[in-house]
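**Q** Predicted structure and sequence below. I'll ask about it afterward.
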Amino acid sequence: MNCQRYIDLFSIIKTKEEIQGKSLIYYSGDALSRSARLVQGSEEDLAILYADTVGRAAALAGVSCIMHPSDHPELSHILGAYGVSVREGEEGGEVALAVSQWQGGNTVSSVQRFCLPAEWDAAWVGDTYLAWLPQLLFPFVQVQRKETDVFHFKAMKIPLPLLILQHDAEESRPGCQVYRITGGLLVNQKETNAHRGRLEFREIAGRGEVITALHNFVPRLPWLLYRLTQARIHLWVMDRFGRYLHGHISNKKNLDD
């Protein structure tokens, strides 16, 4: 009989640690669990991201086989994209993985999925986002690179940054680029640090797609004010970014034709 473990299935490293040394694991494919107080994103996008985490972590941990229920056949390709054997079946294995459930606090996770041509990668998407955002929000917001891989989001006439991101070399890997949220006026830094708040750009192998995800961010604004302002602005920004990427794809197709 396996032991069910509730873990942060947004994190490849944390998932790898939980299954290290296991040969056979079970993943339910359930994306309905509420992992944060506010979760922005479709059930399908969350399921794809979780499955990609499990597949990547299993390959890194040396797992031989991933089992998953037959009512989620669409996950097989994603789970097995990194070389681990996948099969459908009833719950079994040495450990069963489940999404960690919200335990309190004003945590926010936001997940969006976009098309990505094969010649582009997660690193390109991350660099493009950091260069594109100040163009969208000009002249109100600028993104300044202060030192190696540290980015300050600054607002007009406000001396302190609204947000500080630092590239996380430990969590990042080919196909997955992670930026840790390390400060800023809009951030409850103590709580965000405790929950390992971060911004991620991740390719989904074999699908020609990239996911942009904000994980475990804790706002400094009062919750209701955050829901009415910053949360909506973030969704608007990511919608515009998706349109920007789509425009790049359309332009490229026209040039190729």
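**A** Received it, and whenever you're ready, just let me know what you need.
**Q** ok, Ile66 - how many residues close by?
**A** Applying other C-beta atoms under 10 Å, we find 26 residues neighbouring Ile66. For every residue, glycine as well, the C-beta is placed using N, CA and C.
**Q** can you confirm it is in a strand?
**A** Yes: the assignment for Ile66, made by DSSP: H, G, I helix; E, B strand; the rest coil, places it in a strand.
**Q** so what's it up against?
**A** 24-27, 54-55, 58, 79-80, 84-87 (C-beta atoms under 8 Å, 6 or more residues apart in numbering).
**Q** do Gly89 as well
**A** Taking C-beta under 8 Å, 6+ apart as the definition, contacts of Gly89 comprise Met67, His68, Pro69, Ser70.
**Q** Could you find the closest non-adjacent residue to the last one?
**A** When you say that, I think you mean Ser70. Glu88 (4.4 Å; C-beta to C-beta, 6 or more residues apart in numbering).
**Q** ok, now Arg240?
**A** Residue nearest to Arg240 in three dimensions, not counting chain neighbours: Leu136, with 6.0 Å by C-beta to C-beta, 6+ apart.
**Q** Now, of the contacts of Ile66, which are buried?
**A** When neighbours are counted using 16 or more other C-beta atoms under 10 Å, the contacts of Ile66 contain these buried positions: Leu24, Ile25, Tyr26, Tyr27, Val54, Gly55, Ala58, Leu79, Gly80, Val84, Val86.
**Q** quick one, phi/psi of the second one?
**A** If I follow you right, that is Ile25. Geometry field for Ile25 lists phi and psi as phi -120, psi 160, criterion degrees, to the nearest 10.
**Q** ok, so what distance separates the nearest residue to Gly55 once chain neighbours are set aside from Arg220?
**A** What sits nearest to Gly55 in space, not counting adjacent residues and going by C-beta to C-beta, 6+ apart, is Leu79, at 4.5 Å. Counting by C-beta to C-beta, to the nearest Å, the gap from Leu79 to Arg220 is 38 Å.
**Q** Tell me which helix or strand the most centrally placed residue in the chain sits in.
**A** Most central residue of the chain, judged by C-alpha distance to the mean C-alpha position with C-alpha atoms, centre = their mean, is Ala213 at 3.5 Å. Assigning secondary structure by DSSP states H and E places Ala213 in strand 209-217.
**Q** Restricting to C-alpha, output that strand in PDB.
**A** As requested, C-alpha coordinates have been extracted for strand 209-217 and formatted as PDB (Å, rounded to 0.1, in the frame of the first residue of the first chain):
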ATOM      1  CA  GLU A 209       3.100  25.300 -25.300                       C
ATOM      2  CA  VAL A 210       4.600  27.400 -22.500                       C
ATOM      3  CA  ILE A 211       3.000  28.100 -19.100                       C
ATOM      4  CA  THR A 212       3.600  31.300 -17.200                       C
ATOM      5  CA  ALA A 213       2.800  30.900 -13.500                       C
ATOM      6  CA  LEU A 214       2.900  33.000 -10.400                       C
ATOM      7  CA  HIS A 215       3.300  30.700  -7.400                       C
ATOM      8  CA  ASN A 216       2.600  31.400  -3.700                       C
ATOM      9  CA  PHE A 217       2.700  35.200  -4.000                       C
END
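**Q** So the residue nearest to Arg240 versus Ile211, what's the distance?
**A** Distance from Leu136 to Ile211, by C-beta to C-beta: 20 Å.
**Q** what residue ranges in this protein score low on pLDDT?
**A** Counting by pLDDT under 70, the chain has low-confidence residues at 1-2, 249-257.
**Q** all strands for it, in order.
**A** Using DSSP state E, the strands of the chain run over 3-7, 24-27, 38-40, 65-68, 85-88, 95-99, 108-115, 141-147, 150-155, 163-167, 176-183, 198-204, 209-217.
**Q** Next, format those as JSON lines and append distance to Val125.
**A** Conversion of the strands of the chain to JSON lines gives the following (distance: least, C-beta to C-beta, whole Å):
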{"stretch": "strand 3-7", "distance to Val125": "26"}
{"stretch": "strand 24-27", "distance to Val125": "26"}
{"stretch": "strand 38-40", "distance to Val125": "18"}
{"stretch": "strand 65-68", "distance to Val125": "27"}
{"stretch": "strand 85-88", "distance to Val125": "27"}
{"stretch": "strand 95-99", "distance to Val125": "24"}
{"stretch": "strand 108-115", "distance to Val125": "8"}
{"stretch": "strand 141-147", "distance to Val125": "15"}
{"stretch": "strand 150-155", "distance to Val125": "15"}
{"stretch": "strand 163-167", "distance to Val125": "13"}
{"stretch": "strand 176-183", "distance to Val125": "8"}
{"stretch": "strand 198-204", "distance to Val125": "5"}
{"stretch": "strand 209-217", "distance to Val125": "5"}
